[in-house]
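[1] Okay, here's the prediction I keep looking at, along with the sequence it came from:
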Amino acid sequence: MTSTRRFRADDLFRFNSINLDHLTETFNLYFYFQYMSTWPDYQKIMEGPGGSVMAYIIGKAEGSGTNWHGHVSAVTVAPQCRRLGLAAKLMDFLEDVSISLDCYFVDLFVRISNTVAIEMYQKFDYVIYRTITGYYSGEEDAYEMRKALPRDINKASLGTTEKVVNPSQIKLTM
């Protein structure tokens, strides 16, 4: 049995066991607090029996005009809870929040070496939008993946002229 609820500050002291995966990005406390206070509707955690953390997602809304979009900052599932559909439920949740805010698309960044995650996102209808060289500590490239939402009728958010960029060429907001 899984219960789902909004991410709370005290969860930061309970989710280390699923954040230790080498493919999971871990952020400083300020980052998490900023997200919880600015975009509370985008944060969700899934718990198992006894309150064990099974999975979580953190995200935000950003941009303007046709670049108004939801962003997945992290989605993580505990190793023993993978392949249960938890990531799909969390991604659906974030997409629904983004739709309710009339966003054009949802995007995320993923290590190009993380083929399991890339394949999973592709099953969720995300496409590789572009490559960002040296995104992860200047050492590993990332794919920016996107999924058009109903507001983007013509899927214009999925097209680009710059297929390879460096981090200084993208606008990142906190």
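    Yep, it's here.
[2] which residues in this structure form strands?
    For the chain, the strands defined by DSSP state E cover 3-6, 44-47, 53-62, 69-77, 105-111, 127-136, 140-148, 164-165.
[3] Partner strands of the fourth one, with direction?
    What it means is strand 69-77. Counting by DSSP bridges, the strands paired with strand 69-77 are strand 53-62 (antiparallel), strand 105-111 (parallel).
[4] Let me have those in JSON lines, adding mean pLDDT and distance to residue 41 as columns.
    Yep, even glycine has a C-beta here, placed from its N, CA and C like the rest. Below are these laid out as JSON lines (pLDDT from 0 to 100; distance: least, CB to CB, whole Å):
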{"stretch": "strand 53-62", "mean pLDDT": "96", "distance to residue 41": "9"}
{"stretch": "strand 105-111", "mean pLDDT": "96", "distance to residue 41": "14"}
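[5] can those strands go into CSV with extra columns for distance to residue 10 and mean neighbour count?
    Conversion of the strands paired with strand 69-77 to CSV gives the following (distance: least, CB to CB, whole Å; neighbours: other CB atoms under 10 Å):
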stretch, distance to residue 10, mean neighbour count
strand 53-62, 11, 22
strand 105-111, 26, 22
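[6] Could you export those strands as JSON lines, including distance to residue 42?
    Below are the strands paired with strand 69-77 laid out as JSON lines (distance: least, CB to CB, whole Å):
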{"stretch": "strand 53-62", "distance to residue 42": "4"}
{"stretch": "strand 105-111", "distance to residue 42": "11"}
